[in-house]
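# Please work out how this folds:
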Amino acid sequence: MDRRSDKKRPSDRRSIRKDGDGAFGRGEGRRQRPARMSIPKGTEINYKNIAFLQKCLTERGKLLSRRLTSANASQQRQIGVAVKLARFLGLLPVGSSRRK
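Next up, the predicted model:
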């Protein structure tokens, strides 16, 4: 017999539980994280809407991802451009003053 066939390969050690909540299952145990915010219909994304732009930023001044803002690709690009313009005009802070 070949010694290689007797050894278990790393992929053979993984096991899928029968109840479906195994770590290597097919997504039965995964749940989708709810969005932090949603962009209402008719919301105009521009640099003048400071209250909306602040919701799209973290406390440190970084843009939230599309997954958290539930924005599509074009809306996320518009948010990025609007935030950059608002920062340039001094309407939004460039970053937080609290650094570690």
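# going on from the lowest-mean-pLDDT helix or strand in the chain, what's the next piece of helix or strand?
Every helix and strand in the chain was compared by mean pLDDT, DSSP states H and E; the lowest is helix 10-13, with a mean of 56. Going down the chain from helix 10-13, the next helix or strand is helix 50-55, by DSSP states H and E.
# and the gap between residue 41 and residue 47?
Plainly put, residue 41 is 20 Å away from residue 47 if you go by Cβ to Cβ, to the nearest Å. C-beta coordinates here come from the backbone N, C-alpha and C atoms, glycine included.
# er, residue 55 I mean
Counting by Cβ to Cβ, the gap from residue 55 to residue 47 is 14 Å.
# These two: which is more packed in?
residue 47 (17 against 13; other Cβ atoms under 10 Å).
# how far away is the more buried one from residue 71?
With Cβ to Cβ as the criterion, residue 47 and residue 71 are 16 Å apart.
# Looking at this protein, which helix is longest?
helix 73-89 (DSSP state H).
# low-confidence ranges in this structure?
1-30, 33-35, 97-100 (pLDDT under 70).
# residues near residue 84, how many?
13.
# Setting aside sequence neighbours, what's the nearest residue to residue 37?
Among residues not flanking residue 37 along the chain, residue 55 sits closest, at 5.5 Å (Cβ to Cβ, 6 or more residues apart in numbering).
# Perfect, I'm done here.
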